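1. Take a look and give me a structure for this.
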Amino acid sequence: MNGAFYIGATGLQAQQRGLDVIANNVANINTTAFKRSEIRFSEMVMRSSVSEDSEQLNIALPDALSGVEARISPRIYEQGDLRRTGKPFDLAISGDGFVEVLGPGGQVWLWRGGAFQVNADGLLETENGMTLRALIEVPDDAGEIRIEPDGRVLAQVAGEEVPVVLGNISIAMPEDVHTLEPVGSGYFRAADDEQLRIFEPGEQGKGVFVQRALEASNVDLSSEMVTLLLMQRAYGANAQIVQAGDQLMAIANGLRR
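-> Sure thing, here's the model as predicted:
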């Protein structure tokens, strides 16, 4: 069969994956501390084995094939804009780093900040019910909770003239941030908990805490829309390649002696 079909098929598949990535970025533009993904394209030449894309397309590739392949790059962990909310139970990180929380099975997850609350046991947790690994307990008679940039959690307790330190929140960083696996709702999981390094906020250039603020997603809508238009045009160009191959095959089938 004409190689144009295979080349066009790989291009269509690659552009479709790119559109899926852009759609996910745009859908999460208002998600707190969301980190966008990018799609990268690479040329395929002399493929002698069946690729993952070809298996999805249910086609057998020839020994020599040119085309394009799409690969989703690691998430872009650029800082999102910090937006002041004035709410005492909103928390953001200015700079690099994450907060350790306990997942549903007790495993360590990483959190870039958001809204938090005090659970029924008096422990600080995220709005999704994930308890901070620091296990900071808030007394029943505690007043307004204050989180300092250095991670100290303070509250005014009845009978005390000065705010009481309830605990400290540290900054966690994996050895390679690009190995983090998103698990949904703004949480990430490290490939190996032993690779996590713990820092004091602000130590070695790590982030500090900002209370009464939330980190916006780092998705730039204008950039995403421009990329979307480019991929739509590329998708159409690859469809034209398949159509041209079909026309050539039709001409060949219509030849008569």
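2. Now do the helices in the stretch 151-257 of the chain.
-> 221-253 (DSSP state H, counting those that start in this stretch).
3. Any idea how many residues pack against residue 201?
-> Residue 201 is flanked by 22 other residues according to other CB atoms under 10 Å. C-betas here are computed from N, CA, C, even on glycine.
4. pLDDT score assigned to it?
-> Here, the pLDDT recorded for residue 201 equals 96.
5. what does residue 15 give?
-> Taking residue 15 on its own, its pLDDT is 88.
6. In contact with it, which residues?
-> The contact partners of residue 15, taken as CB atoms under 8 Å, 6 or more residues apart in numbering, are 70, 231, 234, 235, 238.
7. Among these, which one has the most neighbours?
-> That'd be residue 238 among the contacts of residue 15, by other CB under 10 Å, with 23 neighbours.
8. these two touch, right, it and residue 16?
-> No. Assessed by CB atoms under 8 Å, residue 238 is found out of contact with residue 16, at 9.8 Å.
9. Distance to residue 81 added to the contacts of residue 15, as JSON lines?
-> Supplementary listing: the contacts of residue 15 in JSON lines, determined by distance: CB to CB, whole Å:
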{"residue": "70", "distance to residue 81": "29"}
{"residue": "231", "distance to residue 81": "26"}
{"residue": "234", "distance to residue 81": "31"}
{"residue": "235", "distance to residue 81": "32"}
{"residue": "238", "distance to residue 81": "36"}
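10. right, and out of these, which lies closest to residue 3?
-> residue 238 (13.5 Å; CB to CB).
11. measure that closest one to residue 162 for me?
-> For residue 238, the distance to residue 162 (CB to CB, to the nearest Å) stands at 68 Å.
12. Low-confidence bits of the stretch 1-150 of the chain, can you list those?
-> Within the stretch 1-150 of the chain, the ranges that satisfy pLDDT under 70 run 1-2, 42-67, 72-73.
13. What ranges does it have for its strands?
-> For the stretch 1-150 of the chain, strands defined by DSSP state E, counting those that start in this stretch occupy the ranges 39-44, 67-72, 82-84, 90-94, 99-102, 108-111, 113-118, 124-126, 142-147.
14. Leaving out sequence neighbours, find the closest residue to residue 16.
-> Leaving aside its chain neighbours, residue 16 sits nearest to residue 235 (7.2 Å; criterion: CB to CB, 6 or more residues apart in numbering).
15. got the domain boundaries for this protein?
-> 3-77+218-253, 82-215 (automatic domain parsing).
16. what's the span of stretch 117-136, first residue to last?
-> Length of stretch 117-136, first residue to last, CA to CA, to the nearest Å: 11 Å.
17. got a list of contacts for it?
-> Contacts of stretch 117-136 (CB under 8 Å, 6+ apart): 89, 99-103, 108-109, 111, 114-116, 137-140, 145, 153, 166-170, 185, 187.
18. Burial check on residue 174, number of neighbours?
-> 19.
19. Next up, the contacts around the closest residue to it other than its chain neighbours.
-> With sequence-adjacent residues excluded and distances taken as CB to CB, 6+ apart, residue 174 is closest to residue 190, at 4.8 Å. If you count contacts by CB under 8 Å, 6+ apart, residue 190 has them with 108, 110, 174, 179, 180, 181, 196.
20. How about the backbone phi and psi for residue 34?
-> Main-chain dihedrals, residue 34, degrees, to the nearest 10: phi -70, psi 140.
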